[in-house]
Every structure is written in C-alpha cells, then in structure tokens.
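S.K.: The following block contains a protein sequence and its predicted model.
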Amino acid sequence: MMRKAFALTFGTFFVLSLCRTLEAQQWPDYGGDPGGSKYSPLKLVNRANVSKLRVAWIYHTGDVSDGTGFPVRSSFECTPLVIGGTMYLTTPFARVIALDAETGRQLWAFDPKLARDRPYNLYINRGAAFWQHGNDKRLFFGTLDGRLFALNAATGKPIPAFGQGGYIDLRKGTADDFPDRLSGMSSPPLVYKDLVIAGSIVSDSEPQGPSGDVRAFDVHTGKLVWRFHVIQRPGEAGKLTWPDSAWQQRGGGNAWSMLSCDVKRGILFVPGTSPSYDYYGGDRKGKDLFGNSLIALDAATGKLLWYYQIVHHDIWDYDLPAQPVLATVHRDGQAVAAVAQVTKMGFVFLFNRVTGKPLFKIEERKVPASTIPGEQTWPTQPFPLLPPPVIRQTFSLDDLTNVTPESRAECKKLMGDAGPGGLYHPWGLKKTIIFPGTNGGTNWGSASFDPATETLYVNAMAEGEIGQMRKARPGSAIAYRLAGERFQDSNHYFCAKPPWGLLTAIDLNTGKFRWQKRLGVVDALLAKGIAPTGSANLGGSIVTAGGLLFIAATNDGRFRAFDKDTGQELWEARLPASGFATPMTFLGPKTGRQFIVIAAGGGNKYDSHFADTLVAYALP
C-alpha cells in the first residue's frame, strides 16, 4: 500500500511538474499568467547573447487604418497567446488568426465582420483568452460592437452551443436603452475555471449610458452566471455614496482594461474607471463608488470581497487603465500575497490581495476645490507615501519645455494665462493644466514583476492636458463640458521639459526605486544634437529569467532590451512601426529556440506611421 501510495503521489507530482514546465515555455494568458506578472522563466536569451537577436519571421495581418479609408485610425495593441506551438492573435478589426508560432505561417483566420463604418475611438483589440478541458480547446474574445465569441482553437470555427451559434450579445441587459452608444470590448476577457469573465468599453460622453457591469458567463453555453454592479446601488457595500437617484443608469465605472485573477484563492481583481460624465460631476456629488476603485471579487460568484477607491469623485478621467499585477513581497520576513495597481497619476498602490490592506501607508491629503458652479470636488485624495511617483505631478512656467526655442514659444502661447497646474487641480472656467494628463503617467501597458528580486517595472510618460470648462449647449444633460487637448506643440513634442518617458524599477519590499531611465528618443531632436528626451509610450514590458526586460511601447519605432538589475540598455532593434503593445516570449517546441514577439502597428494617438506587422525575434 505504501509503495502504491508513493507511486500515485510521485505520479501526480510528476504530471503537475510537467504541466508547469510546459506552461512556463508558453504564453497562455495575456499577461503571461492570470495574475498579469508578464514574467517568463525562459533564459535561453540572456544578458550575454541578447545583442545577437535577429528577426525570425514577420507576419502581416492586412488590418490597418490611417483614418482615410475608414472613419477612424487603428492601433495594433495585441499581445498574442502561444499554446502548444500555435500562436493566437487578434487584429484591430477583431479578426482572430492562428499561426505556427515558430514560422509565422497562417493556420486559420476568423472574421467576426466588425462594422467598419462606425466612429469608434480607435479600431483596437488587445487579444483573446484561452480555455481547455481535455481535448476541448477554446478561444474567447470580444468586439467593439459588443459580441463575445467562443471559437474552436483548432479550427477557428465558432462553438455552436455557445450563445447564438458561437457568440453572445453583450449589449443585452446593459445597453438596451442606448442603442446608438458604444458598448463592447477592447481588451481580452479572463477565463477562470468554467467561466469567461468580461469587462467592457462603454461611452462616457453623457451621464447616463450603457452599463459597465462586470459579468461572468458559462464557457459551454454562454449563459450569464453572475453580474457585479460597478455603480454602487442602494444596500451594496454599506452607505450609498450617490445622492438621490444619481446612480440610476449611470454610465462608466467600467473595466475597459485587463482583469487579473488569483486562481489559487479564487479572487478576481477589477480596475474600475470613472463614472460618466468624466470631467464634470455636478450631477453625481459624493465619492461615486465603485468608480476608480480596485475591486476584489469572488471569481466564482461575483461577490464583493473588498475595494479601495484610488480617486474620489473623478473629474480628470483618471480611470484605472491597467491590469492589476499580482506579486509576492516580504514583510518582517514573511511572504505576503500582494496586488499592485499602477495609475495615470504616476502613483503605484500596493495592497494585501486577500484583505485589501495597503502595504505602504496612504495619506488622504487636501486638494484644491472646484470653482465651477454646481461642481463639488471631494476635499481629499489618496497619496501613497511609497513608492514615489514614477512621473512628475506638477507644472509651472519653470517646467515649460526648452528643447527648442520654437517649441517653447509655441507651448508658452498655448499655455496662455493658465497658472501653475498639476495633479488633482480642478478644471476651471479659464485655461487649466492637468499633469499628468488623461493618458498618463502610466496606461494600459501596466507593469511587469520579477519574482526573483520582487521588483516591479513601470513605464510612464510626462504628458499634460490643457483646457477649460465651458457652459454646455441648452438641453444638455450636464451644465458644463470640457474643451481640452493634449499639452503639446504642433510637432507633437510635449510642452513640459524632458524627460518625456521613463522606465522605473521599484523594489516592492522597500518601496524605493532600484533604478530609473529615460525611455525613448525623438529622432528629429537627436539630429539637432539634443540629448535623448524620452518619448510618449503606450504598451508594457516583460521580464525574463535571462536577466532581461523587453519593451517597445515608445513612439520612436524601437524595440529594446534592458538589464533588469541595472537598467543598462543591451539591445535595440528598429521596428516597421512603433510597437504600441506589450511583447511576449515562448519556447518553440520543435526548434527549442526562444522567441520574443511584438505587434508593431504604429498609429494610435502618437504615431502617423501605420503598419500591420507582427515581428518575432530569436537568436540565429
């Protein structure tokens, strides 16, 4: 009996170890794992040989828009998955494509026929989610027009038993009263056991609009299993923070970015956004829960476990744009399961992921009050004492750019009579500068986490926003609306002094920076002999056991590798267009080569060069 028991135990251990080894060689989730660490234990490519990386293959999706042939521009922001030697990616037009991961040869493609004549913000789709039970392998992805598909991963064909012949209409029950307003998905769903859990992107231009509730569906049938109300309702989580009936049909509060999950504990983490309208809250006085909150839910039931509101009564569009990152840190010699949330404001918040208790002290500090009639800003906002902000949070005339006399003059004229501005300055009736602006700081690229050194890597940009509140037209649902723009000159140089882009390594045990480097260059300024300024960046990083941090993200068309311990740049490659995406890496099962892959599509808000390329690198 003892020998049999030992054999069974050893056999189980062997199978589990084999599964973990195989998973470590792949990239089965958007963030590498359900917790969004963006970490790989692969080390065939390392500090010693990374300089020898070369293009292994390039794949062209054919899906690109510069805004001339279609109503809006595209952004190729997908991070592909790799499972069992097959790569799965999504395009800006929401097509799903399967490739041989080692050669880039197309295996199949599925087109959901996204309407391309609608004025979305961008054509965009950040990826798919994978589910498997035995030989049943499925892909789940959403579309901007509000459909959630289930595909056979082997053939690319819709699963007939899922919803309406392979998809469910996410707009039903959330956008019924707003047929012409945006309600869909731009980021991948999350799979937990036999549930596919979906956030959403919704219109936030009016106070009332499609619901941004988070929902879980059965992976087999598409039937709704649970729904979490992102806008607090009477009787939910204690005292109601909404006045009268202001919560009813309130838009926003949605999670348009990626969700994370502690699979072992069954905890889902949701990064919440601003309730609508996101620049004026005179009709929603109060804290506006659960807006701008990191929300922890029971992944199986949708029950609220805890929340922390990171911005009270948001009027700056300071939604939580990034996937929460699960990490293990140490306190008093004990390992602590943590979750890190990066923000547009440049703050990094760190919590005990089970209890929601902050792992570094957070102070509620007084912030300026609004002078807009009817507006009532919350008197305080949370400021974590550690880590320090990863980007500047104030702006005055002394901070005005000096990269060229022409840029300074143009930015000074744009600034006009706007006084000093910065974080949590309320919008005024005269020009106001908000810093960082609505794109950050940090954005949807989130952060990566190295478990070996318990270091979090965060990229951010120093872009402000300038504008003023104006009385809305008669008949408008709100009294005032923002007339604003990005604080940059006609060459798209930021109006603040460099650095414009930064990459920061944070020791999560102490909260201190290990290092911080400028990220990105402006070629036109380099040609004039001006030192590297850093640049706008959208997308994130990955970190590997080979001692490397890979990141594209910058709008200079580069893909870079840094020494994860020192921040020294070890490798740089020119891409066909800027890589506004997060890379991934995997081990080829046939060749035994480690590949690093990045979507290089340019476009978006910062690059006038458009492409449709997926580029894979490997050692010769």
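M.R.: Noted; the coordinates are in hand. Residues are numbered from 1 along each chain as shown.

S.K.: What distance do you get for the residue nearest the centre of the chain to residue 301?
M.R.: For the chain, the residue sitting closest to the mean C-alpha position, by CA atoms, centre = their mean, is residue 444 at 2.1 Å. Distance of residue 444 to residue 301, computed by CB to CB, to the nearest Å: 27 Å. All C-beta atoms are positioned from the backbone trio N, CA, C, and that covers glycine.

S.K.: Which neighbouring residues are in contact with residue 93, exactly?
M.R.: Taking CB atoms under 8 Å, 6 or more residues apart in numbering, we find residue 93 in contact with 63, 74, 111, 114, 116, 123, 125.

S.K.: how about 7 Å then?
M.R.: Shown here is residue 93, whose contacts under the criterion CB atoms under 7 Å, 6 or more residues apart in numbering are 63, 114, 116, 123.

S.K.: Let me know the secondary structure of the second one.
M.R.: To tie it back to what came earlier, the one meant is residue 114. Here residue 114 takes the coil state, with states given by DSSP: H, G, I helix; E, B strand; the rest coil.

S.K.: Test my guess that it contacts residue 94.
M.R.: Yes. Under the criterion of CB atoms under 7 Å, residue 114 makes contact with residue 94 at 4.6 Å.

S.K.: thinking again about what came up before, name only those of the contacts of residue 93 that count as buried.
M.R.: 63, 114, 123 (16 or more other CB atoms under 10 Å).

S.K.: For the residues you listed, could you give me CSV that also reports pLDDT and distance to residue 89?
M.R.: Putting the buried ones among the contacts of residue 93 into CSV (pLDDT from 0 to 100; distance: CB to CB, whole Å) gives the following:
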residue, pLDDT, distance to residue 89
63, 96, 11
114, 95, 15
123, 94, 15
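
S.K.: Pipe the residues you listed into CSV and attach distance to residue 213 per row.
M.R.: Conversion of the buried ones among the contacts of residue 93 to CSV gives the following (distance: CB to CB, whole Å):
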residue, distance to residue 213
63, 30
114, 23
123, 25
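
S.K.: and which of the residues you listed is nearest to residue 223?
M.R.: The shortest separation between residue 223 and any of those is 24.4 Å, and it belongs to residue 114 (by CB to CB).

S.K.: what ranges do the helices span in the stretch 401-550 of the chain?
M.R.: Taking DSSP state H, counting those that start in this stretch, the helices of the stretch 401-550 of the chain run over residues 405-415, 523-526.

S.K.: which one of those helices lies closest to residue 500?
M.R.: helix 523-526 (10.3 Å).

S.K.: Contacts for that closest one next, please.
M.R.: The set of residues external to helix 523-526 that reach it, using CB under 7 Å, 6+ apart, is 403, 533, 556.

S.K.: one step back: what is in contact with residue 114 and residue 94 at once?
M.R.: Residues touching both residue 114 and residue 94 (CB under 7 Å, 6+ apart) are 143, 144.

S.K.: can you tell me how far residue 69 sits from residue 116?
M.R.: When distances are taken as CB to CB, residue 69 and residue 116 turn out to be 9 Å apart.

S.K.: So which of the contacts of helix 523-526 are in strands?
M.R.: For the contacts of helix 523-526, not one is inside strands, with DSSP state E as the criterion.

S.K.: Which of these has the largest number of neighbours?
M.R.: Ranked by the number of neighbours (other CB atoms under 10 Å), the contacts of helix 523-526 place residue 556 first, at 25 neighbours.

S.K.: Any stretches of this protein with poor pLDDT?
M.R.: Within the chain, the segments meeting pLDDT under 70 span 1-24.

S.K.: mind listing the strands in the stretch 251-400 of the chain by residue range?
M.R.: In chain order, the stretch 251-400 of the chain shows strands spanning 260-262, 267-271, 293-298, 304-309, 325-331, 334-342, 348-352, 362-366, 380-384, 394-395, with DSSP state E, counting those that start in this stretch as the criterion.

S.K.: closest to residue 463 out of the ones you listed?
M.R.: When these are ranked by distance to residue 463, counting by CB to CB, first place goes to strand 394-395 at 10.7 Å.

S.K.: Quick one: neighbours of residue 67, just the number.
M.R.: Burial measure for residue 67: 14 neighbouring residues, criterion other CB under 10 Å.

S.K.: That one reaches residue 116, doesn't it?
M.R.: No. Under the criterion of CB under 7 Å, residue 67 makes no contact with residue 116, lying 11.9 Å away.

S.K.: Doesn't residue 140 belong to a helix?
M.R.: No. Per three-state DSSP, residue 140 lies outside any helix segment and is strand.

S.K.: correct me, but it touches residue 129?
M.R.: Yes. With contact taken as CB under 7 Å, residue 140 and residue 129 are classed as touching, separated by 4.7 Å.

S.K.: Mind listing the shared neighbours of the two?
M.R.: Where contact means CB under 7 Å, 6+ apart, the residues bridging residue 140 and residue 129 through contact with each are 189, 191, 196.

S.K.: Adding neighbour count, distance to residue 221 and secondary structure as columns, could you present those residues in CSV?
M.R.: Listed next are the shared contacts of residue 140 and residue 129 as CSV, based on neighbours: other CB atoms under 10 Å; distance: CB to CB, whole Å; DSSP: H, G, I helix; E, B strand; the rest coil:
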residue, neighbour count, distance to residue 221, secondary structure
189, 26, 15, coil
191, 23, 15, strand
196, 27, 11, strand
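
S.K.: quick check, nearest of those to residue 271?
M.R.: Compare each of the shared contacts of residue 140 and residue 129 with residue 271 using CB to CB and the shortest gap goes to residue 189, at 14.3 Å.

S.K.: how near is that closest one to residue 302?
M.R.: 14 Å.

S.K.: How about the contacts made by residue 402?
M.R.: Counting by CB under 7 Å, 6+ apart, residue 402 touches 408, 497.

S.K.: er, residue 497 actually
M.R.: Counting by CB under 7 Å, 6+ apart, residue 497 has contacts 399, 401, 402.

S.K.: go with 10 Å
M.R.: If a contact means CB atoms under 10 Å, 6 or more residues apart in numbering, then residue 497 has 392, 395, 398, 399, 400, 401, 402, 403, 408, 462, 533 as its contacts.

S.K.: Of these, which is the nearest to residue 40?
M.R.: residue 462 (29.4 Å).

S.K.: Does that closest one touch residue 440 like I think?
M.R.: Yes. Counting by CB atoms under 10 Å, residue 462 touches residue 440, with 9.0 Å between them.

S.K.: Pull up the overlap in contacts between those two.
M.R.: With contacts defined as CB under 10 Å, 6+ apart, the residues adjacent to both residue 462 and residue 440 are 346, 390, 391, 536.
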